[in-house]
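Enquirer: Predicted model and sequence follow; I will ask about them next.
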Amino acid sequence: MDILSLIGLLLGIGAILGGQFLEGGSAASLVNGPALLIVTGGTLGAVMLQSPLMTFVRGIRLLAWVFIPPRLLADEAIEKIISWSNIARKEGLLGLEAASDSETDAFARKGLQLLVDGNEPEVMRNILEVEVDAKEQHDLGAARLYESMGGYSPTIGIIGAVMGLIQVMENLADPSKLGHGIAVAFVATIYGVGLANLVLIPIANKLKSLVYAQSQFRYMIIEGIVSIAEGDNPRNIDAKLQGFVT
């Protein structure tokens with residue numbers, strides 16, 4: 001669980017509600033069903049229109065990363081790579097076949113299979129880097145989904161505000177209906193701007209940082225596997241890979 005994300009979300013929302021309370025207002029005055037429907041529905045519809053299906057589905061799945069990010073255990077991965085290096089020095093590259101079969105991480109297993117097959121170091125690097133780059137671009141596209149939503153949300157909020165003002169103008173002769181229209185107008189604007197700046201854009205930036213971290217982790221694995229193929233000393237491999245951790 002990413003506690004910082006949870007605290008940030010609660011702090012942002014709490015600060016707004018606290019300010020509303022200190023100004024003499026109530027939280028109930030910020031609750032408006034029509035405004036919420038306009039902003040959330042309009043924003044979601046706009047981003048669905050612009051996004052390919054695979055990117056949209058991936059973006060929904062990545063949302064869980066904000067609070068439960070993928071575990072990137074760099075120290076454990078380095079220890080594993082050093083053990084592979086020791087096996088390769090003692091038994092040769094074919095000795096890594098058992099390690100390849102038992103490896104749970106699909107990317108590392110692919111690297112080990114390339115290593116066991118006796119591929120040249122640069123060939124291995126190119127094959128693995130293509131996979132890392134392709135996955136990074138796919139995940140970044142999914143993360144930008146929320147960035148786009150953060151761009152649409154304030155504008156949809158303005159649309160909601162204009163709709164509320166239209167209702168006000170249509171009911172000038174009936175004062176009992178003016179309050180509802182004005183409430184929709186102002187609350188829709190708050191929803192649009194607040195949703196963008198407190199939730200959607202921060203989510204996009206958080207996801208992009210996690211995607212870059214995952215790519216860096218995989219580049220570390222690539223460097224370790226290529227170093228084994230080049231016959232580097234395990235101590236030198238360890239020193240090289242520690243640079244990724246720091």
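Expert: Perfect, I can see it now.
Enquirer: Now do the buried residues in the helix or strand hosting Leu62.
Expert: Here Leu62 sits within helix 53-62, counting by DSSP states H and E. Using 16 or more other Cβ atoms under 10 Å as the test for burial, helix 53-62 gives 55-56, 58-59, 62. Glycine gets a C-beta too; all of them are placed from N, C-alpha and C.
Enquirer: can you redo those as TSV with pLDDT and distance to Val31?
Expert: TSV is the format used below for these (pLDDT from 0 to 100; distance: Cβ to Cβ, whole Å):
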residue	pLDDT	distance to Val31
Thr55	94	33
Phe56	95	29
Arg58	95	32
Gly59	95	27
Leu62	95	29
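Enquirer: which of those lies closest to Leu30?
Expert: Gly59 (27.4 Å; Cβ to Cβ).
Enquirer: and the gap between the closest one and Leu94?
Expert: According to Cβ to Cβ, to the nearest Å, Gly59 and Leu94 sit 42 Å apart.
Enquirer: ok, the residue nearest the centre of the chain to Asn171 distance?
Expert: The chain has Leu207 as the residue nearest its centroid, 2.0 Å off, counting by Cα atoms, centre = their mean. Separation of Leu207 from Asn171 (Cβ to Cβ) stands at 43 Å.
Enquirer: swap in Gly141?
Expert: Where Asn171 is concerned, Gly141 sits at a distance of 45 Å (Cβ to Cβ).
Enquirer: Quick check on those two: which one has the bigger neighbour count.
Expert: Neighbour comparison, Gly141 and Asn171: the larger count goes to Gly141, with 17 against 14 (by other Cβ atoms under 10 Å).
Enquirer: ok, and the closest non-adjacent residue to the more buried one?
Expert: Of all residues not flanking Gly141 in the chain, Thr55 sits nearest, at 4.9 Å (Cβ to Cβ, 6 or more residues apart in numbering).
Enquirer: Just the C-alphas of stretch 102-120, formatted as PDB.
Expert: This file holds the C-alpha atoms of stretch 102-120, laid out as PDB (Å, rounded to 0.1, in the frame of the first residue of the first chain):
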ATOM      1  CA  SER A 102      12.100 -22.000 -12.300                       C
ATOM      2  CA  GLU A 103      12.100 -18.200 -12.900                       C
ATOM      3  CA  THR A 104       8.700 -16.700 -12.200                       C
ATOM      4  CA  ASP A 105       9.300 -13.300 -13.800                       C
ATOM      5  CA  ALA A 106       8.500 -13.600 -17.500                       C
ATOM      6  CA  PHE A 107      11.000 -10.900 -18.600                       C
ATOM      7  CA  ALA A 108      13.900 -12.400 -16.700                       C
ATOM      8  CA  ARG A 109      13.000 -15.800 -17.900                       C
ATOM      9  CA  LYS A 110      13.100 -14.600 -21.500                       C
ATOM     10  CA  GLY A 111      16.500 -13.100 -20.900                       C
ATOM     11  CA  LEU A 112      17.800 -16.400 -19.400                       C
ATOM     12  CA  GLN A 113      16.400 -18.400 -22.300                       C
ATOM     13  CA  LEU A 114      18.300 -16.100 -24.700                       C
ATOM     14  CA  LEU A 115      21.400 -16.600 -22.600                       C
ATOM     15  CA  VAL A 116      21.100 -20.400 -22.600                       C
ATOM     16  CA  ASP A 117      20.500 -20.400 -26.400                       C
ATOM     17  CA  GLY A 118      24.000 -18.800 -26.800                       C
ATOM     18  CA  ASN A 119      22.900 -15.500 -28.400                       C
ATOM     19  CA  GLU A 120      25.400 -12.700 -28.800                       C
END
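Enquirer: Alright, calling it a day.
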